[in-house]
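Undergrad: let me see the structure of the following:
(chains A and B)
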Amino acid sequence: MSRHWIGDTLASDGLEAEFNGLSVPLEHSFELDDVAKFQLRGSLMLKTGREPSVSLNQNQLSEEDRTKLKEVAAVDGLYRIRVPRVFLQADKQTEWQTEGHLTAFVRACAMVESHLSDVITLHTDVSGYLIGVSIVTLPGACRGIEVEDEVDLEVFNTTLSIMAPVNAPGPETALFIQRMEQEFEKKGKNPQEQKSFFAKYWYLILGGAIFLMVSNSAQPPAGGGREQS
Amino acid sequence: MAAICLKVKEKTEVTTTYFLFLRKRSQTAAAMAKLILLLLKCILFCGTVYAVFEDQVGKFDWRQQYVGKVRFCHFDGHMQSSKKVLLATESNVFAALNTRTGEVLWRHVDKTGPEGNIDAFLQNGQDSVLVVGNGRVLRSWETNIGGLNWEVVLDSGSFQSTCLVGQQGTVKNVAVLKKTAISLHYLSNGHQKWIENLPDSDTVDYQTVYSGGNGEVYVLGVVPHSHIAVVAFSVDDGEILKQSSVEAPWLSSIPESCQIVDQEMLICVDSTTMSLYTLDLTLQLQMNQIPLQSLELEVDPDFRPSLVSHQPNPAKQPLSEFFLQLGPDRYVLLQFNSGQIVMLRDFKPALLVSFATTGEKTVAAVMSPKNKTVSIVFNVLYYVAPATQASTINLYNAETGRRLLDTTLIFTMDPNGGKPERLNIQAFLKKDDSVGYRVMVQTKDHALTFIQQPGRVLWTREEALSDVLTMEMVDLPLTGTQAELEGEFGKKTDGLMSMVFKRLSSQLILLQAWIAHLWKLFYDARKPRSQVKSDISMENLSRDEFNLQKMMVMVTASGKLFGIDSKTGGILWKHYLENIPSNAGFKLMVQRTTAHFPHPPQCTLLIKDKDTGLASLHVFNPIFGKMSHVTPPALPQPILQSLMLPFMDQDYAKVLLLIDDQYKVSAFPSTKYVLQQLQEMAPTIFFFLVDSSQGRLSGYRLRTDLSTEQIWEVILPTEIQKIVSVKGKRPNEHVHSQGRVMGDRSVLYKYLNPNLLAVVTESTDLHQERSFVGIMLIDGVTGRIIHEAVQRKARGPVHVVHSENWVVYEYWSTKSRRNEFSVIELYEGMELYNSTAFSSLDRPLVPQVLQQSYIFPSSISTMEATLTEKGITSRHLLRIVSLPKMFLDPRRPEMASEQSREENLIPYAPELMIRTEWFINYNQTISRVRGIYTAPSGLESTCLVVAYGLDIYHTRVYPSKQFDVLKDDYDYMLISSVLLALFFATMISKRLAEVKLLNRAWR
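TA: Okay, here's the model as predicted:
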């Protein structure tokens, strides 16, 4: 498994660490009429290079936003996020950004009911392009529970990770051959194999012989009796 | 024994519904099977036996062989009694048909694509000479048995033309003209006699080669809008005998507007000057212009006139008579007579003309519509035409233009077929030395009809079926009587008396039908067996007991639709759609099944022009092929995506949504009720679009005003990889076991996401070290990437099957140079997240992903998974080799442990051996399989499989053996006689016991 789980909860060590990556905006949108109007939610710190990692520095929801989110949740609207398309392997700053955004969504009510605890995953392709983003909340269901406490909707509780594609396994010939060899050796060592046919199956032959003898001796009276009658 | 039985029970409990559907007999049988399995602990038990017994061949399966659209056709004429017609087709097939039956005598299937393209076909006696692959190969076939005489690889160069070259009445050579050179080959062994470069080949476009049998080969070239270049080569050594150029500023293409008649006389027709031009190739002075007006002829406006000539024997000069086509339905027969052109006969209306030679006699065949009104209808409005259109074919003496007596043949056109396209005449001499003939008519729908005088159709071949693009299987309807009974329960408003009366009447009808059936049985019993068969017709089409017989609706590239009976393979209906663009894409959808009597079943075909994206709908009844009275909506905008919704309108037709390029949605049927339903359901309707040119996958949600909004987007950079296929799951598949029972009796639950998409990508970098195949599993609703993997050092073509909780894909490993299989399975884990319903929006946990790969020793052209009624039968992957899914299981352990044995897991072996019993088509080769279609039947054990491509093959497969069917050779006699004997024995022994008791009582 070559997944890279860097689950940074919140922006604790975002900026102070020595950082040679790039920072891209994470934007969100939740509107009553469902027309996307993206606003800054936080910034993603992406560390480029062979093993990319990510951390997040995000703002709190304002009072106004909190009420809006609740309203949107009430009409079963969507909570969308987007990140710009980024190339993580580039050396120069000018190269990393490409056209367009990657978007994902979750139901606004799920966002509210989970008290803003979400899991955001960024997916890259083999060469390090960001190809997709996904968001789920934990728990994911909308049960219609009222969230009274305003404080619960203030701070995002985000689990963030970046994932590169897994290398799919090829046919495992080496292990198989090894196993075959082991079995072969086992067979070779096993002294039972060397025994002769009679030595191996003497009990079967004996059993068969006894059975034959018994059945032979038992049959004549019964069978003979029948024939005569 | 008892202990083991208990164990069995435990096991069956978990696979819940498994045995409930079966009859009691099979239940015990299956339990016995499990018992045996446990007793023996036999790990390799699962290799289901497929092989058919010899007497079962053709019992459950059938195969139809096709050749494709005919490009060249020759009747085998070297013997008077020959029964062969040789065809070279656009599907790169060279075949011989039996003219009596229409069956394929032999067939050679070449490579697909331009490499196997048949450029030219020459026939001489028993030899057929073919130029293949744009002049790459020259082949000679022996026509009797279809053996290869010889094959030579020609020098590179674009192929232009070929002809047979004869001398002194016998044909010995074949000349092949290429862009820059001409070569002459011996007909006997293919050896090259000589090859010569053509003079000025950089300026002159050489197009035609001709030989009249006098020791010279003429090569004609043209410099467009300037002059004709004529070069004469000597047959013996390739020496240029003559070379000249003649002014012809009006000429652009020789094969299109010129023909050679009489003694080396080139005749051309030009539509701008309305004239015929003649040129004597031996003298090569100048073109002689003969205005058509001088012959009192006139060309139809906007019509490009053309010429038809005939050379009966390549070693002799062509006929001096030729046809000139002046309009779509007008031909004139002209004769070239010592520098003059004489008109012999004017044919109007005439649809098609053809020459044919037998012995020394040459005749001209002309097809004309039977009456004038039809011919008008023909050209203007095809759908106003009467139900049956008839044409007549007559023979005329080619030299005089006189009609030959008693040669009329009536060709009745199929109202569901296309217009005739070409005539192929097989002429023969009768005993009284008059000319008789048979004709093979080629129609626009790729059908071949072979007709004998006076109009008896000997056979018809539907060659459109060689190019099936998509198909569906539809259940047959219930019989009228069954439907009557069903209808009784449908209405509940009637009173008691009328209900009783109704019941009695329907019972009476049933009785009547039964008696009729008995009478038929009695009647048929006296007939020989062969005649009784094959009387499937429209009338007695009805579902059989186990729903094994279905209607196969096939859509072909030519635009012809077929309804085929799946039991016999007989064509029950056909319908030709005219005006289909040549690059059309088709999508066939079943909107209403047969289950909703009295509403007829309904299929909708979406025909989409791939270039413009403009689409149209064809709505029809899949059982009878008739066009539905429902008028499909006009679609003015290009269509991006179509999807069937699972809900129905009040007439039980599923709703089809079409998304146009403005991302607007239209529904069909679009009644008020449907629109209302749509508005209610809009927030739950999601769809996705794939733009592979930009690597963009995007998800949309329907709004209540039927517009859409984009909700997610995933973009794969096209510089790195391109999307090659996106596979969802089939909407009609059932999964009955939610999980897998592990060795320790716990359950591993499957991740069954109906919205999951498997996206396969291939790298743009094709270097064998850096190329890769990517596989991504995306949720189609939320756009969440569930899994992403790359198979390094791999290349396409990738075949994917996606079903239940698994994805199987096959690719080419560039490192090891072999085909490999990889299987991905998704599991939720030991407990289900939300066991009542699946929602993509509420499934936060990522499933466990297991993957394993195998080596496959053969290449694959197409792959499909089996499908059964209730989904409780284990699945197989089909590729005509049927591969049990059990062998593709990422949980196959490295080392067999006690627990994995309990689960029936086969220890991992990197290579998948193909066992001979996995071949479901035993020795029946199927050429160029393009697709496999699987359909469930009424029997849970049985899955119907159709493989289509050049051939069509239908069979049944039993992925878990026939557990619910008694065997074919089941001994009914034995079991009933044993039962009877036991019955009598108990009776007798009872009687004896009674007597004995009585006697004892007396004592």
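Undergrad: going forward, measure contacts and count neighbours with C-alpha atoms only.
TA: Will do.
Undergrad: any stretches of the stretch 851-1000 of chain B with poor pLDDT?
TA: The stretch 851-1000 of chain B contains residues with pLDDT under 70 at B:861-862, B:866-904, B:916-917.
Undergrad: give me that answer again for 80
TA: B:856-927, B:940, B:959-969 (pLDDT under 80).
Undergrad: what residues does it have near chain A?
TA: Neighbours of chain A within the stretch 851-1000 of chain B, by C-alpha under 8 Å from any C-alpha of the partner chain: B:Q851, B:Q852, B:S853, B:Y854, B:I855, B:E894, B:Y908, B:A909, B:P910, B:E911.
Undergrad: just the buried ones out of the residues you listed, please.
TA: Among these, the ones that count as buried by 16 or more other C-alpha atoms under 10 Å in any protein chain shown are B:Q851, B:Q852, B:S853, B:Y854, B:I855, B:Y908, B:A909, B:P910, B:E911.
Undergrad: out of those, who's nearest B:D119?
TA: B:I855 (39.3 Å; C-alpha to C-alpha).
Undergrad: if we can go back for a sec, among the residues of the stretch 851-1000 of chain B next to chain A, which are in strands?
TA: In strands, judged by DSSP state E, the following of those are found: B:Q851, B:Q852, B:S853, B:Y854, B:I855.
Undergrad: the fourth one is in contact with B:I824, isn't it?
TA: Same thing as B:Y854. No - the criterion here is C-alpha atoms under 8 Å, and B:Y854 misses it with B:I824 at 11.9 Å.
Undergrad: can you redo the residues of the stretch 851-1000 of chain B next to chain A as TSV with distance to A:L160?
TA: Output for these, formatted as TSV (distance: C-alpha to C-alpha, whole Å):
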residue	distance to A:L160
B:Q851	25
B:Q852	29
B:S853	31
B:Y854	35
B:I855	38
B:E894	35
B:Y908	37
B:A909	39
B:P910	37
B:E911	40
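Undergrad: sorry, back to before: state the pair within the buried ones among the residues of the stretch 851-1000 of chain B next to chain A that is farthest apart.
TA: Applying C-alpha to C-alpha across those, the maximum distance is between B:Q851 and B:E911, 15.4 Å.
Undergrad: B:T593 against B:T604, yeah?
TA: No - with contact defined as C-alpha under 8 Å, B:T593 does not count as touching B:T604 (11.6 Å).
Undergrad: just checking, what packs against the lengthiest strand in chain A?
TA: When chain A is parsed with DSSP E, its longest strand is strand A:97-107. Applying 3 or more C-alpha pairs under 8 Å, 6 or more residues apart in numbering or on different chains; DSSP states H and E, we find strand A:97-107 packed against strand A:78-86, strand A:130-137, strand B:708-715.
Undergrad: show me where chain A has strands.
TA: For chain A, the strands defined by DSSP E occupy A:22-29, A:39-47, A:53-58, A:78-86, A:97-107, A:117-124, A:130-137, A:157-163, A:166-167.
Undergrad: export those to a markdown table and tack on mean pLDDT?
TA: As requested, the strands of chain A are exported to a markdown table (pLDDT from 0 to 100):
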| stretch | mean pLDDT |
| --- | --- |
| strand A:22-29 | 85 |
| strand A:39-47 | 84 |
| strand A:53-58 | 82 |
| strand A:78-86 | 87 |
| strand A:97-107 | 82 |
| strand A:117-124 | 88 |
| strand A:130-137 | 88 |
| strand A:157-163 | 86 |
| strand A:166-167 | 88 |
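Undergrad: B:L508: which of those is closest?
TA: strand A:97-107 (60.4 Å).
Undergrad: that closest one to strand A:117-124, inter-axis angle?
TA: Taking axes from the mean of the first three to the mean of the last three C-alpha atoms, to 10 degrees, one finds that strand A:97-107 is oriented at 150 degrees with respect to strand A:117-124.
Undergrad: now do strand A:97-107: distance to the chain's middle.
TA: 21 Å (C-alpha atoms, centre = their mean, to the nearest Å).
Undergrad: identify the residues contacting stretch B:784-793?
TA: A:104, A:123, A:126, A:132-135, A:164-170, B:768-779, B:813-815, B:846-847, B:849 (C-alpha atoms under 8 Å, 6 or more residues apart in numbering or on different chains).
Undergrad: report the helix or strand with the lowest average pLDDT across the chain.
TA: Let's take chain A. helix A:191-194 (a mean of 56; mean pLDDT, DSSP states H and E).
Undergrad: correction: the question concerned chain B.
TA: That would be, for chain B by mean pLDDT, DSSP H and E, helix B:2-14 at a mean of 32.
Undergrad: return the residues of chain A in contact with chain B.
TA: Those residues of chain A that sit near chain B, judged by C-alpha under 8 Å from any C-alpha, are A:80, A:101-107, A:123, A:125-127, A:129, A:131-141, A:164-173, A:175-176.
Undergrad: can you select the buried ones among those for me in ChimeraX?
TA: The ChimeraX command for the buried members of the residues of chain A next to chain B (criterion: 16+ other C-alpha under 10 Å) is given here:
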select /A:80,101,102,103,104,105,106,107,123,125,126,127,129,131,132,133,134,135,136,137,138,139,140,141,164,165,166,167,168,169,170,171,172,176
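Undergrad: quick one: contacts for residue 140?
TA: This is for chain A. A:A110, A:S114, B:L841, B:D842, B:R843, B:P844.
Undergrad: wait, chain B was what I had in mind.
TA: B:D127, B:S128, B:V129, B:L130, B:L148, B:N149, B:W150, B:E151, B:G190.
Undergrad: how about the helix or strand hosting it as CSV, C-alpha atoms only?
TA: Here B:S140, judged by DSSP states H and E, is contained in strand B:137-142. Extracted in CSV, the C-alpha atoms of strand B:137-142 (Å, rounded to 0.1, in the frame of the first residue of the first chain):
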residue,chain,number,x,y,z
VAL,B,137,-0.9,-9.4,-51.3
LEU,B,138,-2.0,-11.2,-54.4
ARG,B,139,-3.8,-14.5,-53.7
SER,B,140,-5.2,-17.3,-55.8
TRP,B,141,-7.9,-19.6,-54.4
GLU,B,142,-9.2,-22.8,-55.8
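Undergrad: would you mind listing the buried residues in that strand?
TA: Quick answer for strand B:137-142 (16+ other C-alpha under 10 Å): B:V137, B:L138, B:R139, B:S140, B:W141.
Undergrad: check the offset of that strand from the chain's centre.
TA: Worked out by C-alpha atoms, centre = their mean, strand B:137-142 lies 28 Å from the chain centre.
Undergrad: so for that strand, mean pLDDT?
TA: Averaged across strand B:137-142, the pLDDT comes to 91.
Undergrad: hmm, B:N755 and B:D779 touching each other?
TA: Yes - contact criterion C-alpha under 8 Å: B:D779 and B:N755 qualify, at 5.7 Å.
Undergrad: and A:V155, what's its pLDDT?
TA: Looking at A:V155, the pLDDT reads 81.
Undergrad: got a list of what it touches?
TA: By C-alpha under 8 Å, 6+ apart, the contact set of A:V155 is A:N59, A:Q60, A:L61, A:L116.
Undergrad: now these as JSON lines including pLDDT, distance to B:G339 and neighbour count?
TA: Formatted as JSON lines, the contacts of A:V155 follow (pLDDT from 0 to 100; distance: C-alpha to C-alpha, whole Å; neighbours: other C-alpha atoms under 10 Å in any protein chain shown):
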{"residue": "A:N59", "pLDDT": "80", "distance to B:G339": "98", "neighbour count": "15"}
{"residue": "A:Q60", "pLDDT": "81", "distance to B:G339": "100", "neighbour count": "13"}
{"residue": "A:L61", "pLDDT": "81", "distance to B:G339": "99", "neighbour count": "17"}
{"residue": "A:L116", "pLDDT": "84", "distance to B:G339": "97", "neighbour count": "20"}
